[in-house]
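Visitor: Here is a sequence with its predicted model. Questions after.
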Amino acid sequence: MNSITQKNHGYGARYNLVLDYEIIPDLHLRVSGGIDYNQQNMNQFSPSTLDKYYHWSTSEGNIGRSLSILNENLLSYSFSLKQKHNFDVLLGLSFQKDQNYSNAGSGRNGPNDYVQYVQGKWGDGAGLVNVADPKSDETVYESAFSYASDFEEERMNSYFGRLTYNFKEKYMFETTIRRDGSSVFGEKVFFRKSTLGNLSFDCCRLGFFGRTLLETFVLVEFW
């Protein structure tokens, strides 16, 4: 056995659900949710024949997991006045959470090159290895095992609203306001607000150009 052996396994699952309910004509409540899960497992084994200094086998393992959860709630309403003034109103609330986990460990000086995973007795009988120069009489002991773990989480809550208006589908105005709160903004910055709007007109419907030209020009945009 004179080569490094590495094994990798990956798993993933995703689920999405959408519910749409019409409360009254043209007033809709849409609730959606999704979960995305991924896991990666890795194990790498190096036999003792590749260690020319200590003649130890080594095994390293890592498990990484990620989880993302998203929920969005939308309330929308469309209506017209005198068949000229057309409105679309949207109110929304969303939640998102992302988590990342990591667990890693390793072992040195396994019982033999046929034991490729860290279990049972590694190192000497006390779970230690002597890392001093093999040619010297010194003894410097370290643990035959190492371990590290990590966990990160980010959360975001958002509130938003959008108003769209058009006059006979010729002149159009739209404005959006949203407020975002995130765990990465810092302790004293809970929410950030942004506003975006634009005013435009349809050249074809106004008769400026031929019907084959489907262009919408934006006159004013602000945020």
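Guide: Sure thing, it's come through.

Visitor: Which secondary structure elements does the helix or strand containing residue 158 sit against?
Guide: Remark: residue 158 resides in strand 145-167, with elements defined by DSSP states H and E. Here strand 145-167 touches strand 85-108, strand 171-182, going by 3 or more CB pairs under 8 Å, 6 or more residues apart in numbering; DSSP states H and E. C-beta: built from backbone N, CA, C; applies to glycine.

Visitor: partners of it in the sheet?
Guide: Note on strand 145-167: by DSSP bridges, its sheet partners are strand 85-108 (antiparallel), strand 171-182 (antiparallel).

Visitor: the bottom helix or strand of this protein by mean pLDDT?
Guide: strand 216-222 (a mean of 49; mean pLDDT, DSSP states H and E).

Visitor: picking that back up, nearest to residue 9, out of the strands paired with strand 145-167?
Guide: Nearest to residue 9, of all the strands paired with strand 145-167, is strand 85-108, at 14.5 Å by CB to CB.

Visitor: mind listing what's buried in the helix or strand following the closest one?
Guide: Going down the chain from strand 85-108, the next helix or strand is strand 128-130, by DSSP H and E. Buried residues in strand 128-130, counting neighbours by 16 or more other CB atoms under 10 Å, are found at 128-129.

Visitor: how near is the residue of the chain most remote from its centre to residue 113?
Guide: The centre of the chain is farthest from one residue, residue 137, which by CA atoms, centre = their mean lies 52.5 Å away. For residue 137, the distance to residue 113 equals 28 Å [CB to CB, to the nearest Å].

Visitor: Ok, residue 148 next?
Guide: 25 Å.

Visitor: With neighbour numbers in mind, choose between these two.
Guide: residue 113 (16 against 10; other CB atoms under 10 Å).

Visitor: Leaving out the residues flanking it, which one is nearest to the more buried one?
Guide: Distances taken as CB to CB, 6 or more residues apart in numbering place residue 47 nearest to residue 113, at 4.3 Å, with adjacent residues excluded.

Visitor: Give me the phi and psi for residue 8.
Guide: phi -130, psi 140 (degrees, to the nearest 10).

Visitor: same question but for residue 49, I mixed them up
Guide: phi -70, psi -20.

Visitor: out of everything not next to it in sequence, what's closest to it?
Guide: residue 2 (5.2 Å).
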